[in-house]
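Chemist: whatever this is, show me its structure:
(2 chains)
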2 protein chains.
Amino acid sequence: MADLLVVGSVALDSVTTPFGQATEVLGGSATYFSYAASFFTNVHLVAVVGEDFPKAHLAALRDRGVDLSGLRVARGQTFRWVGEYGFDLNEAKTVDTRLNVFADFQPSLSSAHRKVPFLFLANIDPELQLEVLRQAERPQLVALDTMNFWIEGKRNALLEVLAEVDVLLVNDAEARQLARQPNLIKAARAILGLGPRTVVVKRGEYGALMVSDGSFFFVPAYPMESVLDPTGAGDAFAGGFMGSLAQREKTDPASVRRAIVFGSVMASFTVEDFSLTRLDSLRSDEIERRYSSFQDLVRFEI
Amino acid sequence: MADLLVVGSVALDSVTTPFGQATEVLGGSATYFSYAASFFTNVHLVAVVGEDFPKAHLAALRDRGVDLSGLRVARGQTFRWVGEYGFDLNEAKTVDTRLNVFADFQPSLSSAHRKVPFLFLANIDPELQLEVLRQAERPQLVALDTMNFWIEGKRNALLEVLAEVDVLLVNDAEARQLARQPNLIKAARAILGLGPRTVVVKRGEYGALMVSDGSFFFVPAYPMESVLDPTGAGDAFAGGFMGSLAQREKTDPASVRRAIVFGSVMASFTVEDFSLTRLDSLRSDEIERRYSSFQDLVRFEI
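Modeler: Reported below is the predicted structural model:
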């Protein structure tokens, strides 16, 4: 079992969906990632929060075994995100973003953290992602998430960091935007030319697809009769994905496929409730059972 | 190998997509269905065309082994459809529809046709579908396609015929509309309560899903770098699906899953070119090879 490091955001979210709302609850890309990955391996979290960050949230992360030595508490307020979803749960509408202490986030890895073999660069400024990558000492596998804001606004920095990562995880609109190519299959292939040897495209209710070395892999989304809050699904996916790879210390094609299914499993649990509520009560046997259900969902005979 | 009967439309289509156009080419739901199914079993086509219908099209259907004894040539013009697609190939825009002889279509099955064990009711007026069903003599399996126009305008007749069919094939918007339920999974389950024991939801570039007896099955769409014309994909899907079931004369869950994959295979070939062009040159070994590719697309280890 190898250790896993994530650099990203820890936030307080206020979310409204057609099925309810939650105010100032635990959120942030690195939080969802850490929670999901903690079911698979030892997770080290590098992020920043403000002095107002509730102690209970720190305790909850520690309860999941997450190493918080890289979580800096800075003077000021924690990053806030206020978002809203309509009945099309694939699309979040950002009502308000207050970066607060996150605006001055300058990730600095401890000497122990520099040696962690599995590294996930959550969706932050690609210049910071590049900065983290420079500090890391030859990790075995680096994966990266990004978003339309950076693809448009910091394309050059993003291309620079992309050239050095192994796996890119994005949603379908981001893949098309990054490759400047409307056909998703062509877009995914084109991204392989930018550096990553594997591209994982998250498609919300339509599942995920992976392209690597000319080979495609599809996994459906778990059939859900009720999605309460899609926030964090993509980060939990990444957590399950990277956690599964780090747990086995393998990155061969079969392990990458397994990891994508574990990513889908963790995303499916996450959206069953607001914030980290469902992951808080999740048990390992539930993860294993849902993994088997995914096999049933796609199985057919030759 | 069991025989297969389809009742539906034969048309002359004029289609414009971002990748080209085709004028007055062979089209219609029963045509695409027959072509696709003809790779698997003996197909009997029940439809109507006008006196202007090109002899070459009849010859092409006969070349595929399709029995045209149920294809009536009526006085007047053949059904015309003029459609257009934007870059979102999931959505056809109908520019013009001229029913012509199809407006008076009154399907009447010969005594031989009444005994055909596999029956597909392509997307026509549910009152006509019901009429065909009344004429058929205890078929082994009946599947039905429909569309928003009938769901809205002839709901009662549609519910009546649905109560007597085994399989419903629809797209996702139609499933939601029919069940009056925005969640697709709930919608599919609700439709099972209306009669069919199996619902197959076609999702275009997102593949297809099946729900039957509380069990779900997903198949992705084949990863295509180039789709020239999506017209007929759903009907070719139905043709591959029903053709595969009739070929083996089996309707158990494993056979239904295989059939859905063969449906996806036939749809994927159809959209590679306009009209029936790709299916005209298709070989059986290409079908088998693509079926195996689908296995590779979803395979992962427990």
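
Chemist: quick check: mean pLDDT of stretch A:233-253?
Modeler: Mean per-residue pLDDT for stretch A:233-253: 97.

Chemist: can you show me the CA trace of it as CSV?
Modeler: In CSV, the C-alpha atoms belonging to stretch A:233-253 read as follows (Å, rounded to 0.1, in the frame of the first residue of the first chain):
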residue,chain,number,x,y,z
ALA,A,233,-18.9,13.8,-7.2
GLY,A,234,-15.9,14.4,-9.5
ASP,A,235,-13.5,14.8,-6.6
ALA,A,236,-14.8,11.7,-4.8
PHE,A,237,-14.4,9.9,-8.2
ALA,A,238,-10.7,11.1,-8.3
GLY,A,239,-10.3,9.9,-4.7
GLY,A,240,-11.6,6.5,-5.3
PHE,A,241,-9.5,6.3,-8.5
MET,A,242,-6.2,7.4,-7.0
GLY,A,243,-6.9,5.6,-3.7
SER,A,244,-7.4,2.3,-5.5
LEU,A,245,-4.2,2.7,-7.5
ALA,A,246,-2.1,3.6,-4.5
GLN,A,247,-3.6,0.8,-2.4
ARG,A,248,-2.3,-1.8,-4.9
GLU,A,249,0.8,0.3,-6.0
LYS,A,250,0.0,-0.7,-9.6
THR,A,251,-0.7,1.4,-12.6
ASP,A,252,-1.1,-1.2,-15.4
PRO,A,253,-4.1,-1.1,-17.7
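
Chemist: now the residue nearest to the spatial centre of chain A, nearest residue through space, not along the chain?
Modeler: Closest residue to the average C-alpha location of chain A: A:Asp235 at 2.5 Å, with CA atoms, centre = their mean. Counting by CB to CB, 6 or more residues apart in numbering or on different chains, A:Asp235 lies nearest to A:Tyr32, which is 3.6 Å off, once chain neighbours are set aside. Placement of C-beta: from N, CA and C, glycine included.

Chemist: element containing that neighbour?
Modeler: For A:Tyr32, the host element (DSSP states H and E) is helix A:29-37.

Chemist: how about A:Arg258?
Modeler: Short version: A:Arg258 belongs to helix A:253-270, going by DSSP H and E.

Chemist: is chain B contacted by that helix?
Modeler: Yes. Judged by CB under 8 Å from any CB of the partner chain, helix A:253-270 comes into contact with chain B through A:Ala254, A:Arg257, A:Arg258, A:Ile260, A:Val261.

Chemist: the closest residue in space to the first one that isn't next to it in sequence sits in which helix or strand?
Modeler: It stands for A:Ala254. Leaving aside its sequence neighbours, A:Ala254 sits nearest to B:Glu301 (CB to CB, 6+ apart; 5.7 Å). Per DSSP H and E, B:Glu301 falls between elements, in no helix or strand.

Chemist: surely A:Leu282 and A:Ser268 touch.
Modeler: No. Using CB atoms under 8 Å as the test, A:Leu282 is too far from A:Ser268 to be in contact (10.8 Å).

Chemist: can you list the low-confidence ranges for chain A?
Modeler: Low-confidence segments of chain A, defined by pLDDT under 70, are absent.

Chemist: what segments of it are strands?
Modeler: A:4-7, A:11-17, A:20-27, A:43-50, A:67-74, A:79-85, A:92-98, A:118-121, A:141-145, A:167-171, A:198-202, A:208-212, A:215-219 (DSSP state E).

Chemist: can you list the residues of chain A near chain B?
Modeler: Counting by CB under 8 Å from any CB, the residues of chain A that sit close to chain B are A:87, A:182-186, A:189, A:203, A:205-207, A:209, A:211, A:215-220, A:223-226, A:254, A:257-258, A:260-261, A:291-292, A:295-302.

Chemist: and the residues you listed, which are buried?
Modeler: Buried by 16 or more other CB atoms under 10 Å in any protein chain shown: A:183-186, A:189, A:203, A:205-207, A:209, A:211, A:216-220, A:223-224, A:257-258, A:260-261, A:291, A:297-298, A:300, out of the residues of chain A next to chain B.

Chemist: tell me the spacing between A:Pro230 and A:Phe274.
Modeler: 10 Å (CB to CB, to the nearest Å).

Chemist: higher neighbour count, those two?
Modeler: Higher neighbour count among A:Pro230 and A:Phe274: A:Phe274, with 23 against 20, using other CB atoms under 10 Å in any protein chain shown.

Chemist: pretty sure the more buried one is touching A:Leu26, no?
Modeler: No. With contact defined as CB under 8 Å, A:Phe274 does not reach A:Leu26; the gap is 9.9 Å.

Chemist: OK, contacts around the residue lying closest to A:Ser9 once chain neighbours are set aside?
Modeler: In space, and not counting its chain neighbours, A:Ser9 is closest to A:Gly28: 4.1 Å by CB to CB, 6+ apart. The neighbourhood of A:Gly28, defined by CB atoms under 8 Å, 6 or more residues apart in numbering or on different chains, consists of A:Gly8, A:Ser9, A:Val10, A:Ala11, A:Asp13, A:Ala47, A:Phe79, A:Trp81.

Chemist: just put those in JSON lines and tack on distance to B:Asn156.
Modeler: What follows is the contacts of A:Gly28, written out as JSON lines (distance: CB to CB, whole Å):
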{"residue": "A:Gly8", "distance to B:Asn156": "55"}
{"residue": "A:Ser9", "distance to B:Asn156": "54"}
{"residue": "A:Val10", "distance to B:Asn156": "56"}
{"residue": "A:Ala11", "distance to B:Asn156": "52"}
{"residue": "A:Asp13", "distance to B:Asn156": "47"}
{"residue": "A:Ala47", "distance to B:Asn156": "59"}
{"residue": "A:Phe79", "distance to B:Asn156": "55"}
{"residue": "A:Trp81", "distance to B:Asn156": "48"}
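
Chemist: from those residues, pick the one nearest chain B.
Modeler: A:Asp13 (23.7 Å; CB to the nearest CB).

Chemist: burial count for the closest one?
Modeler: Neighbourhood size, A:Asp13 [other CB under 10 Å]: 22.

Chemist: quick one, what contacts it?
Modeler: Neighbour list for A:Asp13: A:Ala22, A:Glu24, A:Val25, A:Leu26, A:Gly27, A:Gly28, A:Arg80, A:Trp81, A:Val82, A:Gly83, A:Thr231, A:Ser275 [criterion: CB under 8 Å, 6+ apart].
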